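Q: Sharing a sequence plus its predicted fold:
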Amino acid sequence: MTLKGKKILLGLTGGVAAYKAAELARGLVKAGANVRAVMTKSAAKFVTPTTLQALTGQEVWIDLWDKRVPDAMGHIELSRDRDLIVVAPASANFMAKVAQGLADDLLSTLVLARRCPLLLAPAMNVEMWQSAATRRNAKTLAADGVLFAGPAAGDQACGEVGMGRMLEPGQILALIEGGFQPKRLAGKRFLVTAGPTEEPIDPVRVITNSSSGKMGYAVARAAREAGAGVVLVSGPVALETPEGVQRINVRSAAQMFGEVKARLKGCDVFVSVAAVADFRPKKAARQKIKKGEREGMVIEMERNPDILAWAAAQKNAPFCVGFAAESENLAANAKAKRRKKGIPLLAANLAQKALGSDENALTLYDERGAHPLGRGPKLEQARKLVAHVAAMLRSGKKAR
Ligand code: CTP
């Protein structure tokens, strides 16, 4: 129930993507929000008010002169108690109207008279999105403080391909949830490592760790949602970069170390989530190794630098957070690791229960002891971790 108690006005304008707004309405309600839907007349040609009414459990509004509003002040009443207005899909025409401050139907009037933030999820043909007028309007809207969710590039309903597709309902929902997170870390700078590293044996083979990168990406996203500036140094994973996060791609532990070294100084918090390979082949073959007649082979390995231990040992080190995926004896191993690395906070979990999954069950270890976060989605766990870091920073905790 991430949006429990939040009051949202969901606006729909005319576009094929309006059918996706029905799913967004469902997601918002499921997340605990109170959703009031307002449609333009053209939106009602794509999806029926009855659908929205059934999904939100509330009356749906279309007409500025609706008789249900006794004093014809609906344009104020319907948006006054809202925490957020989301318009999805937002057509090119609607963007133009909002940019100009036009109020010629119920939805545009409510938007103009709003007191709460406005989030637009544009959906339109690629040429419309790229047109000089829409570019101009998008700039004006952003300067006016209007927030945007997308659009994305891809196949379009009109058969063309390009920028202008509405984000998927789940992505819009995630942005809304993120927007409501308390800005506990405004002004702080985070450096986060994520994913596995790959240590080359030859041009086509590597030694690596099992890691999807999901936990590290969730931490980067949660820190960003909490208002921090975030740089994410990522090993090779197939994940989307969280909104507003600066991502730097690396492959090997040595490359990851190089990027962390170059960026550590300016940051307040370093969260080392990456599953860094502890060893690398001493010599990577220049050519692909042929199996030939041999029955087996030995690869000589050497130690990789311990990036986290290095960071924590620096003079004026940032607040360092480590991760530990253990296969057994979680508490004992985690406590020992926190001490050995010289860090104030360590998040530990049993690897077999988290690897590749969207869920995790972290326990945080700090100087006060153990803080189990329960089991839940990685993003939820990351938000709790970030809240814990913020609280420790507030109480003046530095490294060690
Ligand atoms: N870590 C790191 N550099 C390494 C190895 C690990 O920065 N070369 C970081 C990880 O990102 C994680 C923490 O150290 O935050 C613990 O990683 P883990 O592999 O569990 O611990 P190790 O120090 O490698 O200890 P061990 O292999 O003995 O469990």
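A: Everything's here; your move.
Q: how many other residues sit next to the residue of the stretch 1-150 of the chain found nearest the ligand?
A: Going by C-beta to the nearest ligand atom, the ligand is nearest to residue 2 of the stretch 1-150 of the chain, at 27.0 Å. Placement of C-beta: from N, CA and C, glycine included. Look at residue 2: counted by other C-beta atoms under 10 Å, it has 19 neighbours.
Q: just checking, it touches residue 27?
A: No. The criterion here is C-beta atoms under 8 Å, and residue 2 misses it with residue 27 at 10.3 Å.
Q: For the closest residue to residue 64 other than its chain neighbours, list the residues it contacts.
A: Distances taken as C-beta to C-beta, 6 or more residues apart in numbering place residue 106 nearest to residue 64, at 4.4 Å, with adjacent residues excluded. Contacts for residue 106 (C-beta atoms under 8 Å, 6 or more residues apart in numbering) come out as 38, 40, 61, 62, 63, 64, 66, 74, 75, 78.
Q: repeat for residue 322
A: By C-beta under 8 Å, 6+ apart, the contact list for residue 322 reads 272, 308, 337, 338, 341, 343, 345, 346, 347.
Q: what's the burial count for the third one?
A: Per other C-beta under 10 Å, the neighbour tally for residue 337 reads 18.
Q: Would you pull up how far stretch 321-340 lies from the middle of the chain?
A: Relative to the mean C-alpha coordinate of its chain, stretch 321-340 is positioned 27 Å out (C-alpha atoms, centre = their mean, to the nearest Å).
Q: near the ligand, which residues of the stretch 101-250 of the chain?
A: When proximity is defined by C-beta under 6 Å from any ligand atom, the stretch 101-250 of the chain lies next to the ligand nowhere.
Q: Okay, helices next: where are they in the stretch 201-350 of the chain?
A: Secondary structure of the stretch 201-350 of the chain (DSSP state H, counting those that start in this stretch): helices at 214-225, 253-263, 307-312, 330-341.
Q: ok, back up a step: and the contacts of residue 322 near the ligand, which?
A: Among the contacts of residue 322, the ones lying near the ligand by C-beta under 6 Å from any ligand atom are 272, 308, 337.
Q: how about the first one, what does it touch?
A: It refers to residue 272. Residue 272 neighbours (C-beta under 8 Å, 6+ apart): 192, 193, 307, 308, 311, 320, 321, 322, 323.
Q: Show me what it is bridged to.
A: Counting by DSSP bridges, residue 272 forms beta bridges with residue 193, residue 322.
Q: domains for the chain, by residue range?
A: As given by automatic domain parsing, the domain ranges for the chain are 7-179, 189-394.
Q: Quick one: end-to-end distance for the shortest one.
A: Counting by C-alpha to C-alpha, to the nearest Å, you get 13 Å between the two ends of domain 7-179.
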